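K.L.:
Based on what follows, work out the 3D shape:
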Amino acid sequence: MHSQHPRVCPGGGDPGSKADRVERPPTSTENETIACTTSVPRLKLTRISKPKVRTGCVTCKKRHIKCDETKPWCTNCLKVSGHCEGYMIKPRKNKAKAKSTQNAASSQMTVQDAAATPTRLVEPDINSLDFSEDLSMVYFQEFVHLLRVSLGSGNIYGKLWKVTMPQLSRTNKTLRHAAIAIGALTKAHAYDLGLVPDIPKFHPAHHQAFLRLKEQSPHYHNAVAHYCQALRLQGQAVSDPSVLQVAICLSVLFICFEIIRGDRQSALRHINHGITLLHSLLTDDDAQEVASLAPNPKDFLADFVDTYAVLGVQSRTILTGRIGGSLPLPDLSRALMGQGKSLDSFLARIQHLEIKRGGPSLENMSMLFRDLDEAETCIMAIQYRASQMIPLVSKVVVDSGFFELDDESEVDDALEYVLRHPKIIAAYKECIHTCQSWSDAFQPLYRQCMMDEKTDQATYLRALHLRLHLLLIKAFSSLAQFTDINVMENLTPDYREINSLSEIILRMSQKDFMSSAHHVSLEGGLTWQLSMVSLQCREPLVREDAIRILTEYPRWHGLWDGRGFQAIAARNRRIEKTNMANGTPVQQWRRLWRREYIFEDAGNRVLFRFMDRDPVQEDKWVLVEEVADLTEGTDEIVWRRQPLTGSGKRMLAAIMLDGPSPNSRLGEPT
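P.N.:
Residues are numbered from 1 along each chain as shown. Take a look at the predicted model:
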């Protein structure tokens, strides 16, 4: 055992003092502690943080929490409170500093340098002149996209939507605000399926949930603000030649806005105003007022004829109130009554403007069409000629006293007499002959468009629309032979092709859809056409195929909601099964003559009449009436039977003969 010598602290001094304290060797336990302390330094605890961002939503900024920046609404906000105020739009950066620097640099140029440098004209930023903020420009671009993929995509003569409306909306401040409002509303309808992942896209519950989110969207409130601004500017407009032009365009834009918003009552009021304005222009003797519309006023008015002609026909089947208590297009109907004219004759007259566009007439129609433009011009002339059957049939029906009959056997005999009238048969045969001539001239060009690999999608769809247009004219004209079951059975191949072409067009056109608003169209919609197949075709499989297409490709064509026609077609399926259980094919078809329907309450309610078995006497068939509520959010359409409305006359008679007096107010029964 050896001795340990103590170490003396350097510097001397009292060994008891701190400086002279003798340092003893550490123990083993202390050695371990020192080793651990020196080998593993203590880690400093730090707070977990993320870089600060300034792009979060308004609600998260107010709550001082991290935003996940999901567009258009923050998911965190929707989970916590079910509401998100959206995102702030950054204002344009002020370029005054850059301009002042540029001016300072340019002022230092010598006279010699300035003389040697050529003058450069800087073009101003058009977007900054037309739009006060970036978001307005985004909304306008959304509006133009809507015109391309939806509103006017099916119109075979689409100058209004492809050229006229975009140009006028860009250059006129009032129309620009209306276009921005439509674009903002389309943005509010943009798909965000992640918000309701467990519900199918077109399920009514999904639609109802989405409507609630839409109304909370800042885009929706911006749309209403721009809509009100357009109304304000139009009300403040002074009387000048452009006011009338703006009023015509604005009525169409407001119709689009209200249809996309789902307010058909307001849309009907705008249609009533717009078509009445069009009527006053066409019947006014003041040529100076019409000439002020545009350099070529007839072409300008003709661009709007297609839209108002379609909406006018739709307004005949959709009432603002209940049957017997309101007239379709009340202002126009009263004006026409005062002139001793009918709504049908006016709708047929305005379509006469369509053939004023120029081009070959039907008498000089080519044996083979050179291009789609020539084929399109001729098909428009054929459509006008076919439309002349409407006032002809209406006049024959009214003169025959058909609307005053109550006995069922007399009604059948009168209907057969009307549809076998010599003038109607002659018009039908002429139309069918013209359609066949057009088809022969179009067939080589049509096959070329279908088979050529270089054909672009726009040309391909245009050729399909022209072919479909012909089939629809033939089917419509054949309704003049509605009493002949053989004629209706012979239309089965045409109806089958209508289904096929419609599905191809619907499937291809929806590839560019990014919003539920893109399901709305004012021109070239296929809702009524498919419903006609589902009701009139005599082949059950073809009818079922039409119902399937209506279900898989929901569309809103003007005032017509595809869901309403789908409900009628589904109810007709059961009617057809009951009807086939008794009688010969001719007797069965005669009973189906009595089917008719009309939409009430701006399309939210539908009346459907048909022949059904008498519950007391099974061998007897009686006319019955059922009603269904079509309000949004209803999973299943429930039909309820009720007594016949009014005197039990034809619904068309109730509209034409039993409507309110010209002096009654809209929606009030007489």
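K.L.:
what about stretch 470-485, start to end distance?
P.N.:
22 Å (Cα to Cα, to the nearest Å).
K.L.:
got a list of contacts for that stretch?
P.N.:
Residues external to stretch 470-485 that are found in contact with it (Cβ atoms under 8 Å, 6 or more residues apart in numbering): 379, 382-383, 386, 389, 393, 415-416, 419-420, 424-425, 427-428, 431-432, 435, 438-439, 442, 487-488, 491, 494-495, 497-498, 501, 529, 532, 536, 538, 585-586, 589, 593. C-beta: built from backbone N, CA, C; applies to glycine.
K.L.:
what's the answer for stretch 618-634, then?
P.N.:
With Cβ under 8 Å, 6+ apart as the criterion, stretch 618-634 contacts 204-205, 207-208, 211, 262, 408, 561, 563-564, 567, 571, 582, 591, 594, 599, 603-614, 637-645, 648.
K.L.:
so of the contacts of stretch 470-485, which ones are in helices?
P.N.:
Counting by DSSP state H, the contacts of stretch 470-485 place 379, 382-383, 386, 389, 393, 415-416, 419, 424-425, 427-428, 431-432, 435, 438-439, 442, 487-488, 494-495, 497-498, 501, 529, 532, 536, 585-586, 589 in helices.
K.L.:
Mark which of the residues you listed are buried, thanks.
P.N.:
379, 382-383, 386, 389, 393, 415, 419, 424, 427-428, 431-432, 435, 438, 442, 488, 494-495, 498, 501, 529, 532, 536, 589 (16 or more other Cβ atoms under 10 Å).
K.L.:
what residues are up against the residue at minimal distance from the centre of the chain?
P.N.:
For the chain, the residue nearest the mean C-alpha position is V520 (1.4 Å; Cα atoms, centre = their mean). Counting by Cβ under 8 Å, 6+ apart, V520 touches S150, L151, C256, I259, I260, R555, W556.
K.L.:
which non-adjacent residue is nearest the fourth one?
P.N.:
Counting by Cβ to Cβ, 6 or more residues apart in numbering, the nearest residue to I259 once its immediate chain neighbours are dropped is A267, at 5.1 Å.
K.L.:
count of residues packed around the one you found?
P.N.:
A267 has 25 neighbouring residues, counting by other Cβ atoms under 10 Å.
K.L.:
Y597 in helix, strand or coil?
P.N.:
Following DSSP: H, G, I helix; E, B strand; the rest coil, the label given to Y597 is strand.
K.L.:
Can you give me the separation between it and R316?
P.N.:
In this view, Y597 and R316 are 12 Å apart by Cβ to Cβ, to the nearest Å.
K.L.:
Quick check: the residue nearest to I259 vs I568, distance?
P.N.:
21 Å.
K.L.:
go on, R543?
P.N.:
12 Å.
K.L.:
Which neighbours do the two have in common?
P.N.:
Common neighbours of R543 and I568, counting by Cβ under 8 Å, 6+ apart, are L535.
K.L.:
Lowest average confidence across helices and strands of this structure, where is it?
P.N.:
Every helix and strand of the chain was ranked by mean pLDDT, DSSP states H and E. The lowest is helix 111-116, at a mean of 44.
K.L.:
Quick one: buried ones out of the contacts of stretch 618-634?
P.N.:
Using 16+ other Cβ under 10 Å as the burial test, the contacts of stretch 618-634 include 204, 207, 211, 262, 561, 563-564, 567, 571, 591, 594, 599, 603-613, 637, 639, 645 as buried.
K.L.:
coming back round to it: more neighbours: which of Y597 and R316?
P.N.:
Y597 (21 against 16).
K.L.:
Show residues contacting stretch 447-461.
P.N.:
Under the contact criterion Cβ under 8 Å, 6+ apart, stretch 447-461 has outside partners S153, L372, A463, I505, M508, S509.
K.L.:
Chain neighbours aside, what residue packs nearest to the second one?
P.N.:
Take L372 and drop its neighbours on the chain: the residue closest to it by Cβ to Cβ, 6+ apart is R462, 5.7 Å away.
K.L.:
Can you say which helix or strand has that neighbour in it?
P.N.:
Using DSSP states H and E, R462 maps to helix 457-478.
K.L.:
where are the low-confidence patches of the stretch 301-450 of the chain?
P.N.:
342, 344-345, 347-361 (pLDDT under 70).
K.L.:
Just the buried residues from the contacts of stretch 447-461, in ChimeraX please.
P.N.:
Buried subset of the contacts of stretch 447-461, written as a ChimeraX selection, criterion 16+ other Cβ under 10 Å:
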select :153,372,463,505,509
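K.L.:
Out of the contacts of stretch 447-461, which comes closest to H273?
P.N.:
The shortest approach to H273 among the contacts of stretch 447-461 belongs to S153, at 25.7 Å (Cβ to Cβ).
K.L.:
Who is I598 paired with across the strands?
P.N.:
L607 (DSSP bridges).
K.L.:
Could I get the contacting residues of it?
P.N.:
I598 sits next to T317, I318, L319, I323, V606, L607, M651, I655 when contact means Cβ under 8 Å, 6+ apart.
K.L.:
Same check on R641?
P.N.:
Applying Cβ under 8 Å, 6+ apart, the residues near R641 are V624, E625, E626.
K.L.:
picking that back up, now go through the contacts of stretch 447-461 and say which are in helices.
P.N.:
Using DSSP H, those in helices are L372, A463, I505, M508, S509.
K.L.:
Any chance of CSV for the residues you listed, columns distance to F346?
P.N.:
Listed next are these as CSV, based on distance: Cβ to Cβ, whole Å:
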residue, distance to F346
L372, 31
A463, 33
I505, 30
M508, 36
S509, 32
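K.L.:
Just give me the closest of these to K79.
P.N.:
The closest of the ones in helices among the contacts of stretch 447-461 to K79 turns out to be S509 (Cβ to Cβ; 35.6 Å).
K.L.:
Could you chop this protein up by domain?
P.N.:
Following automatic domain parsing, the chain resolves into domains at 1-41, 51-88.
K.L.:
Can you pull the poorly scored residue ranges out of the stretch 1-150 of the chain?
P.N.:
Across the stretch 1-150 of the chain (using pLDDT under 70), the flagged ranges come out as 1-53, 72, 81-83, 89-132.
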